[in-house]
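**Q** My questions are about this predicted structure, shown below with the sequence.
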Amino acid sequence: MNTIISIIICTAFVTTSSNAYAQNRDSNLVRIPPIAPQDAEVSGFCCMKFDVSKKGKTKNVEANNCTHEVYRKSSEKSVKNWRYSPKYVDGKRVKRIGLTSKVVFHLEDFDGTLLYDPELYIPQLVDPEYPKGWSAIVCEP
């Protein structure tokens, strides 16, 4: 019997909304990339919403508007491990509330062809006409 082995390569990207960037441009940020779930079949993303404590740890992490439910747990686990430099206002540490970010998973087959669901979104890699690379789901702050 012949066995066919498919290799799926995942590259995870993390993008930050302009709202979060404006609040955090001075902070040194540690972002642990997510691990792609083994049962993921196509590329996708989750819109993330979270707070940052006075010590720079992420809190109240929520994955909203995931293109595929399979990415929710991995995205939340990744963001829970992110770290920010504390933000200071008038010499005191302050927490940040309602930051947003997008955790993106690009899956490719063994030939390097991007695997995606064109009914949900079209990555900018495939069609640069789409704003910010995605069509159906937008992450809002």
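**A** Structure's in. What do you need? Residues are numbered from 1 along each chain as shown.
**Q** Please tell me I have it right and Gly44 contacts Cys66.
**A** Yes: Gly44 lies in contact with Cys66 (Cβ atoms under 8 Å); the separation is 6.9 Å. In this view, the C-beta of every residue, glycine as well, is placed from N, C-alpha and C.
**Q** Quick check on these two: which one has the bigger neighbour count.
**A** Gly44 (26 against 20; other Cβ atoms under 10 Å).
**Q** Could I get the pLDDT score of that one?
**A** We have a pLDDT of 86 for Gly44.
**Q** who's in contact with it?
**A** Listed by Cβ atoms under 8 Å, 6 or more residues apart in numbering, the contact set of Gly44 reads 66-68, 70-71, 104-105, 116-117, 120-121.
**Q** Can you show me the strands along the protein?
**A** Secondary structure of the chain (DSSP state E): strands at 9-16, 29-30, 44-52, 58-64, 83-84, 87-89, 92-94, 96-108, 114-115.
**Q** any idea which of those is most buried?
**A** Of all the strands of the chain, strand 44-52 has the most neighbours on average by mean count of other Cβ atoms under 10 Å, namely a mean of 24.
**Q** quick one, that one and strand 96-108 angle?
**A** Interaxial angle, strand 44-52 versus strand 96-108 (axes from the mean of the first three to the mean of the last three Cα atoms, to 10 degrees): 160 degrees.
**Q** Low-confidence ranges, this protein, go.
**A** The model of the chain has pLDDT under 70 over residues 1-28, 118-138, 141.
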